[in-house]
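A.B. asks: got a predicted structure here, sequence first:
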Amino acid sequence: GTTFHIRGIDSNYSQDFVTEDDGKIQLENLVPGSYEITETAAAPGYEFNPENRKSVELEAGGTVQLVFYNQKLAVLEILKQEKISKKPIPGVTFTIREKGGAKADDYTTDAAGKITLTNLKTGWYTVTEKSVPDGVILNTASKDVYLEKGKTSSIVFENSIKPILQIEKLDSVTKDVLSGAEFRVWYGENGSSVGNFQELGTFHTGTDGRIDLGQVDVGWYRIEEISAPSGYQLSAVNKKDVFMRADENQTITFENTPKSAIVIKKVDADTGKPLEGAYFRVRFLGGTSGTGGTVIGEYTTSSNGTV
């Protein structure tokens, strides 16, 4: 990858050549005479040496070998990883600037969370994180690093991850999950617990009794249950404020008490463990005979063994 210009001193010969993978250029059948060999471009990752210039006298039938040396440029490795798990983070863009200089270039981490630069000159550099993928919190702290030619310097940047916020709705008696509960969620402006709260929306628990708000910004959130599932009453404590910290997922649980209920529980006779999947038919008996009656419904026990 190194380019040389070969010029005939006592002839009109003039030609450029590039070294092969083994670093060599081999020329045959040259006319005897004087030649000047000058390096015009260094191989990638190596420092150009303007003094790499030599003259040689070729004689008929003779062979001459010339050796030129180049110093490797400085190598900078940047590793980007999650603060807690230490997993690599691809797709993070950094700005690298020579300290005190105007020149700056942007580079992005690969699938392994790395950037490797092999063509930097000796000196101080400032590395600043410019942009991150969704769900990653920008690390605004720059780092200075001194690079020396022929040496590899490595720096590590760590990022926190936006937390995941989930809401869970349970039956206060059986602890079974409840679908159909309605919640309203607010976010404290500027991440504060005082002052104005910005409404994020209204959400309903699914069949798993959960609302998954996904990754959210760090800060205070207010969660209020505004409507209980059918057959249940709102809890006296239907509003909660929670602070979401980076790297810490949270599930906020609310419970509802049935307005009136019969609780059926199915357990193993020997171990007492709850049994899921037992089938029950419930009837309302109008008299005292214990027979007949109107079927209210048919039910299957949950993972808690309850109906």
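C.D. replies: Looks like it arrived, so ask away.

A.B. asks: report pLDDT for the residue most central in space within the chain.
C.D. replies: With distances taken as Cα atoms, centre = their mean, residue 89 lies nearest the centre of the chain, 4.3 Å away. At residue 89, the model reports a pLDDT of 97.

A.B. asks: and residue 243, by the same measure?
C.D. replies: 93.

A.B. asks: if we ignore the residues flanking it in sequence, what's nearest it?
C.D. replies: Among residues not flanking residue 243 along the chain, residue 220 sits closest, at 5.4 Å (Cβ to Cβ, 6 or more residues apart in numbering). Bear in mind the C-beta positions are built from the backbone N, C-alpha and C, glycine included.

A.B. asks: okay, now the unreliable bits of the stretch 151-300 of the chain?
C.D. replies: The stretch 151-300 of the chain contains residues with pLDDT under 70 at 190-195, 261, 286-292.

A.B. asks: swap the cut-off to 80 and go again
C.D. replies: Along the stretch 151-300 of the chain, segments meeting pLDDT under 80 span 189-195, 260-263, 283-296.

A.B. asks: so the residue nearest to residue 243 versus residue 38, what's the distance?
C.D. replies: According to Cβ to Cβ, to the nearest Å, residue 220 stands 68 Å off from residue 38.

A.B. asks: try residue 181
C.D. replies: 80 Å.

A.B. asks: just the helices in the stretch 151-300 of the chain please.
C.D. replies: Using DSSP state H, counting those that start in this stretch, no helices are assigned anywhere in the stretch 151-300 of the chain.

A.B. asks: residue contacts, the residue nearest to residue 306 when sequence neighbours are not counted?
C.D. replies: Spatially, and ignoring its direct neighbours in sequence, residue 306 is nearest to residue 174 (3.9 Å; Cβ to Cβ, 6+ apart). Contacts for residue 174 (Cβ atoms under 8 Å, 6 or more residues apart in numbering) come out as 263, 265, 302, 304, 306.

A.B. asks: the fourth one: which element?
C.D. replies: Secondary-structure assignment from DSSP states H and E places residue 304 in no helical or strand segment.

A.B. asks: hang on, isn't it packed against residue 274?
C.D. replies: Yes - if you go by Cβ atoms under 8 Å, residue 304 and residue 274 touch, sitting 5.3 Å apart.

A.B. asks: residues shared between the contacts of these two?
C.D. replies: residue 265.

A.B. asks: if you tally nearby residues, what's the number for the closest residue to residue 72 other than its chain neighbours?
C.D. replies: Leaving aside its sequence neighbours, residue 72 sits nearest to residue 150 (Cβ to Cβ, 6+ apart; 4.8 Å). For residue 150, the count of nearby residues is 12 (other Cβ atoms under 10 Å).

A.B. asks: how near is residue 150 to residue 267?
C.D. replies: 74 Å.

A.B. asks: would you mind measuring from the closest residue to residue 189 other than its chain neighbours to residue 188?
C.D. replies: Leaving out its chain neighbours, the residue that sits closest to residue 189 by Cβ to Cβ, 6+ apart is residue 196, at 4.8 Å. Using Cβ to Cβ, residue 196 is found at 8 Å from residue 188.

A.B. asks: same thing with residue 138?
C.D. replies: 20 Å.

A.B. asks: shaky segments in the stretch 1-150 of the chain?
C.D. replies: Applying pLDDT under 80 to the stretch 1-150 of the chain flags residues 45, 47, 100-103.

A.B. asks: can you give me the strands in it?
C.D. replies: All strands of the stretch 1-150 of the chain, identified by DSSP state E, counting those that start in this stretch, fall at 3-8, 14-18, 33-41, 53-58, 74-82, 93-98, 104-108, 114-120, 123-131, 143-147.

A.B. asks: the third one pairs with which strands, parallel or anti?
C.D. replies: In this case it means strand 33-41. Using DSSP bridges, strand 33-41 pairs in its sheet with strand 3-8 (antiparallel), strand 53-58 (antiparallel).

A.B. asks: what angle sits between that strand and strand 14-18?
C.D. replies: Inter-element angle recorded for strand 33-41 and strand 14-18: 50 degrees (by axes from the mean of the first three to the mean of the last three Cα atoms, to 10 degrees).
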